[in-house]
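Visitor: Here you go, sequence then predicted model.
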Amino acid sequence: LIVEGKSALTIKSTVSFAEGCKFIIKTGGKLILDGGTLTNACGDIWQGIEVWGNPNAPQNPFNQGVLVIQNGGKIENAEVAVRAGSHYYTGKGGGMVMVMDAVFYNNDMAVKFDPYSHDPSNQSYFTNCTFDYDKTITGEPDMTFVRLEDVDFVDFNSCTFSNHTNRDYFGWGIWSNNSILVVDGDCIEYSGNSCLLWDQSKFYHLEYGIYVTNSNTTNYPEIQHTFFNDNYRGIFISGVTNALVKYCEFVVNTPFETNGGYGLYLDNCTAYTIEENFFSPTYENRIGIGLIVNNSGGDPNEVYRNSFSYLQQGVSAQELNRGFNDPAQGLQILCCDFTNCDNDILVPKPSRKGWGSHGRSSSRHSRARLRALHRRALLRHAARRAGRGGDSHREARRQRGPVPGAGGRHRRRRAVPADQPQQAGPHA
């Protein structure tokens, strides 16, 4: 089924697709799934929707294909439910995918974005969406809800990613490579311009909640007001400058092993902002690790105002997290609160003599340089949002009011003060 350029189609009912069939939206075409359902026929998996674009053109309805899903629209039992790009043709990235109040159910992959970087003001977003998988798992299948490859500023606001299979931990929530990823909650109670109550984004029972890798210094994740509940690995971030994880909650219910059982893992990252997050298990049984910082180098990085409770280790700072110049600088753990952890802060024996973390404060000049780096990144983000008309989808949600029965409410709390974890392995 093809929506040609300069054509539009609205679906409000159920449409079933035979095995191997797909929906293609060509550049200039538009599909609106308004409360309808796209599903498979006869129990066989179908191919999903491809939204074709032009990676060398700005994002507007004339240059790109457009997909809108709203009012409970549902896509299920597809190989890739929505792809901004094409499986068979290269150079089709840039399609616009605008989704609010939708359901992605039992797809091998729910959403995939092909490379697109021409327009920094990406129009694609997902607000109040449910990503769910509940099949009975046999063998070693692979499932990823969202995959981003070389694409900037795709927003996920107040979305839920859940594994309901027969396995305790299965699937990846969001996999991001060389992309600028934004995950946030949605404010549902205001006092003037200040938010009092957030409807958080949520990740449940996954192998990885969010997995981020990067090979440059310009792309980074911004993850705020998000709840990670009982995932084998909450967030893994590797090779990233300017990552931000703030106002998040991590429930860690797995004992630490060489490759999992943690809330947040920073691998070879620098200039990060890790602030006002909460790490704890469901029960007071001292299990897992809250935060692992692996090899962040000699920059004056900070972990600031986080709370760690009833864990095997609160923070593990491993390998090289210090500089060798005078004045001394390196990783600092500041104003954090540790409650009933077996070990609050651990610096395991590094693989090279002289590595580890520095015990002295970083210089004011070095800290200012690092904060300036992150401030510039935030300004770029704000400018790009302004370029696409601001958070118009969030404002629409605010005017509509909260979603009945929505969970994950989070009143903003603040963390307090710091102390000492047991040895963490180097593997992510």
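Guide: Nice, I can see it. Residues are numbered from 1 along each chain as shown.

Visitor: Only C-alpha atoms from now on, for both contacts and neighbour counts.
Guide: Noted.

Visitor: ok, residue 282 - how many residues close by?
Guide: If you count neighbours by other CA atoms under 10 Å, residue 282 ends up with 14.

Visitor: Pull the contacting residues for it.
Guide: By CA atoms under 8 Å, 6 or more residues apart in numbering, residue 282 lies in contact with 251, 252, 253.

Visitor: top of these by neighbour count?
Guide: Top of the contacts of residue 282 by neighbour count (other CA under 10 Å): residue 252, with 30 neighbours.

Visitor: my guess is residue 344 is in a strand, correct?
Guide: Yes - assigned with DSSP: H, G, I helix; E, B strand; the rest coil, residue 344 falls within a strand.

Visitor: mind checking pLDDT for the residue lying closest to residue 221 once chain neighbours are set aside?
Guide: Spatially, and ignoring its direct neighbours in sequence, residue 221 is nearest to residue 181 (4.6 Å; CA to CA, 6 or more residues apart in numbering). pLDDT for residue 181: 95.

Visitor: In which helix or strand does residue 181 reside?
Guide: Following DSSP states H and E, one finds residue 181 within strand 180-184.

Visitor: go on, residue 38?
Guide: Assigned by DSSP H and E, residue 38 belongs to strand 37-40.

Visitor: So which elements touch the next helix or strand after the strand holding residue 181?
Guide: Going down the chain from strand 180-184, the next helix or strand is strand 186-191, by DSSP H and E. When contacts are defined as 3 or more CA pairs under 8 Å, 6 or more residues apart in numbering; DSSP states H and E, strand 186-191 packs onto strand 194-199, helix 392-400.

Visitor: ranking these by mean pLDDT, which is last?
Guide: helix 392-400 (a mean of 46).

Visitor: hang on, residue 212 packs against residue 173?
Guide: No - counting by CA atoms under 8 Å, residue 212 does not reach residue 173; the two are 10.9 Å apart.

Visitor: okay, those two: which has more neighbours?
Guide: Comparing residue 212 with residue 173 by other CA under 10 Å, the one with more neighbours is residue 173, at 32 against 23.

Visitor: what are the C-alpha coordinates of stretch 275-285, in PDB please?
Guide: Once non-C-alpha atoms are left out, stretch 275-285 reads as follows in PDB (Å, rounded to 0.1, in the frame of the first residue of the first chain):
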ATOM      1  CA  GLU A 275      22.400  15.300  39.100                       C
ATOM      2  CA  GLU A 276      19.400  14.800  41.500                       C
ATOM      3  CA  ASN A 277      18.900  11.100  40.600                       C
ATOM      4  CA  PHE A 278      17.700   8.400  43.000                       C
ATOM      5  CA  PHE A 279      19.100   4.800  43.100                       C
ATOM      6  CA  SER A 280      17.700   2.000  45.200                       C
ATOM      7  CA  PRO A 281      16.200  -1.500  45.100                       C
ATOM      8  CA  THR A 282      12.500  -2.200  45.600                       C
ATOM      9  CA  TYR A 283      13.200  -3.600  49.000                       C
ATOM     10  CA  GLU A 284      15.900  -2.800  51.600                       C
ATOM     11  CA  ASN A 285      18.100  -5.800  50.700                       C
END
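
Visitor: Pull out the buried residues from it.
Guide: By 16 or more other CA atoms under 10 Å, the buried positions in stretch 275-285 come out as 275, 276, 277, 278, 279, 280, 281.

Visitor: how far away is the third one from residue 201?
Guide: This means residue 277. Per CA to CA, to the nearest Å, residue 277 is found 14 Å from residue 201.

Visitor: among the helices and strands of the chain, which has the poorest mean pLDDT?
Guide: Lowest on mean pLDDT, DSSP states H and E among the helices and strands of the chain sits helix 392-400, with a mean of 46.

Visitor: Phi first, then psi, for residue 292.
Guide: phi -120, psi 120 (degrees, to the nearest 10).

Visitor: With residue 349 instead?
Guide: Taking degrees, to the nearest 10 as the convention, residue 349 sits at phi -60, psi 120.

Visitor: okay, now it: neighbour count?
Guide: The tally of other residues near residue 349 (other CA under 10 Å) stands at 15.

Visitor: just residue 20 next, same as before
Guide: Neighbour tally, residue 20, other CA under 10 Å: 13.

Visitor: Point me to the helix or strand that includes it.
Guide: Judged by DSSP H and E, residue 20 forms part of no helix or strand.

Visitor: Surely it and residue 47 touch.
Guide: Yes - in terms of CA under 8 Å, residue 20 counts as a neighbour of residue 47; the distance is 5.6 Å.

Visitor: Can you list the low-confidence ranges for the chain?
Guide: Low-confidence segments of the chain (pLDDT under 70): 352-428.

Visitor: Out of the buried residues of stretch 275-285, flag the one nearest to residue 2.
Guide: Nearest to residue 2 among those is residue 277, at 45.8 Å by CA to CA.

Visitor: quick one: contacts for the closest one?
Guide: Taking CA under 8 Å, 6+ apart as the test, what residue 277 contacts is 245, 246, 247, 248, 249, 250, 305, 306, 307, 415.
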